[in-house]
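Undergrad: 3D, please:
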Amino acid sequence: MTKQQRVTTTIVDGLAYVRLARPEQHNAIDFDMLHAVVKAARSLRRQPGVRAVIVHGEGPSFCSGLDFKSVLARPMRGLLHYAQLWYFWRNNFQDWSMGWRDVPAPVIAAIHGNCFGGGIQLALGADIRIATPDARLSLMEAKWGLIPDMGGVALLRELVPIDVAKELVLSGRVFSGAEAKELKLVTHLADDPLAAAEALAAELSTRSPDALAAGKFLLQRAWSKSESGALAQERRWQRRLMGFANNRIAIQNNKGGKAAEGKAYQARRIQG
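TA: Okay, the predicted model is just below:
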C-alpha cells in the first residue's frame, strides 16, 4: 500500500464501503488520511447509484484520532491548515465529519476498538452509529490542551444536553460503547458492528433512494428550526418527491400483486 492510500472506497451493489486503512497506527489521522476522507465524501455525493455508505476502520480500531507525531513532522503543511481557522466557512478539518451530512444517502459508522478525538467526530458525522459494547470512545482534545474542532460540537448539539457535552469535552475521559449508547452518542450496540451495518444498509436500500435523501436532509435542516421553519422544510422536501418516478414505483410496489413485485427504483434524482 502506498503512502497515499489511507482510505479505500469500494461500491458493491449500491453499498459503498469507506475503509480507513492505517491499521498499524489504529487508523490515526495524518494529513493524507484527512484529505482522503474528505475526498471520499465529496466523490460519493456525486454518485446517484450509491444507496448507503458504511464507514469503518481496518485493524484493531475505528480511528484513534490525530497522529500528532506525523502532523508535527510536517510544519509547513500544518501551518497551512492552521490558517484555515480564520476561514468564514467550513474548513477541511470540519469537512472530515460534516461532509458526510452532505452525502444524499444514509451513512453508517461501524465502530470498534479506539474511537478518539477526530475519530469520534468522524463517527458523529454519520447518520447512524453502531458500536461494540467494549469500544473505547473519547473527545480527547483536552488532553492536548485543545478543543474539538472537526465538527464535533456542531454534531453533539443534536445528540446530548449541553451539560453532558461539557463533561465529555472538558474531561476528555474515555468511555465504553455501552456508555455511549446510554448517552445517545451511538444508535445501536453489536458484537460485529460491520455486519450489523451491512444488515441495516440492506434494509434501507429497499426504500426509494430519493425518499432516503429527502428524509435525511429534511431532518438535518428542520431539527433546530422553529415549528414554522420545520413545517416549511417538510413542504419543501415533499414537493421534491411527490409524483416523481421513485414515488410512483414505491406506490406501485405497495399495491401488491405480481405486477408490483420487485420493481427496481431508478437512480437517485435528489442530490442535495
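Undergrad: Would you state the strands of this structure in chain order?
TA: Applying DSSP state E to the chain gives strands spanning 7-12, 15-20, 52-57, 107-111, 114-116, 128-131, 136-138, 175-176, 188-189.
Undergrad: how far away is Ala40 from Val103?
TA: 9 Å (Cβ to Cβ, to the nearest Å). Using the backbone N, CA and C atoms, a C-beta is placed for each residue, glycine as well.
Undergrad: cool, and Asp134?
TA: On the measure of Cβ to Cβ, Asp134 and Val103 end up 29 Å apart.
Undergrad: Looking at the two, which has the bigger crowd around it?
TA: Val103 (28 against 12; other Cβ atoms under 10 Å).
Undergrad: which residues touch the more buried one?
TA: 41, 44-45, 50, 53 (Cβ atoms under 8 Å, 6 or more residues apart in numbering).
Undergrad: pretty sure Ile108 is in contact with Tyr17, am I right?
TA: No. When contacts are counted by Cβ atoms under 8 Å, Ile108 is not listed as touching Tyr17 (10.4 Å).
Undergrad: what about the stretch 151-272 of the chain, any weak spots by pLDDT?
TA: The stretch 151-272 of the chain contains residues with pLDDT under 70 at 257-261.
Undergrad: What segments of it are helices?
TA: 152-156, 162-171, 177-182, 193-204, 209-222, 227-239, 245-255 (DSSP state H, counting those that start in this stretch).
Undergrad: ok so, going back, and the two most separated of the contacts of Val103?
TA: Ala41 and Val50 (11.3 Å; Cβ to Cβ).
Undergrad: before we move on, the earlier item: overlap in contacts, Ile108 and Tyr17.
TA: Shared contacts of Ile108 and Tyr17, counting by Cβ under 8 Å, 6+ apart, come down to 53-54.
Undergrad: So which of those two has more stuff around it?
TA: Ile108 (26 against 18).
Undergrad: wait, what's in contact with that one?
TA: Counting by Cβ under 8 Å, 6+ apart, Ile108 has contacts 52-55, 126-130, 197, 200-201.
Undergrad: can you check Gly172 too?
TA: For Gly172, the contacting residues are 138-143, by Cβ under 8 Å, 6+ apart.
Undergrad: Now the buried members of these.
TA: Neighbour-count burial (16 or more other Cβ atoms under 10 Å) is assigned, among those, to 138-142.
Undergrad: Among those residues, which one lies nearest to Ile162?
TA: Among those, and counting by Cβ to Cβ, the member closest to Ile162 is Leu139, at 13.8 Å.
Undergrad: Could you single out the nearest of the contacts of Gly172 to Ala245?
TA: The nearest one, if we look at the contacts of Gly172 relative to Ala245 and count by Cβ to Cβ, is Leu139, at 43.1 Å.
Undergrad: Thought Met150 was touching the closest one, still the case?
TA: No. Checked against Cβ under 8 Å, the pair Leu139 and Met150 is beyond contact range at 10.2 Å.
Undergrad: any residues in contact with both of the two?
TA: 117, 121.
Undergrad: picking that back up, closest to Arg268 out of the strands of the chain?
TA: Among those, strand 52-57 comes nearest to Arg268, with 11.2 Å by Cβ to Cβ.
Undergrad: Next, Arg51: phi, psi?
TA: The phi and psi torsions at Arg51 (degrees, to the nearest 10) take the values phi -100, psi -30.
Undergrad: mind putting the contacts of Val103 in a markdown table, neighbour count, distance to Phe217 and pLDDT included?
TA: Output for the contacts of Val103, formatted as a markdown table (neighbours: other Cβ atoms under 10 Å; distance: Cβ to Cβ, whole Å; pLDDT from 0 to 100):
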| residue | neighbour count | distance to Phe217 | pLDDT |
| --- | --- | --- | --- |
| Ala41 | 23 | 15 | 98 |
| Leu44 | 21 | 15 | 98 |
| Arg45 | 17 | 12 | 97 |
| Val50 | 22 | 15 | 98 |
| Val53 | 26 | 15 | 99 |
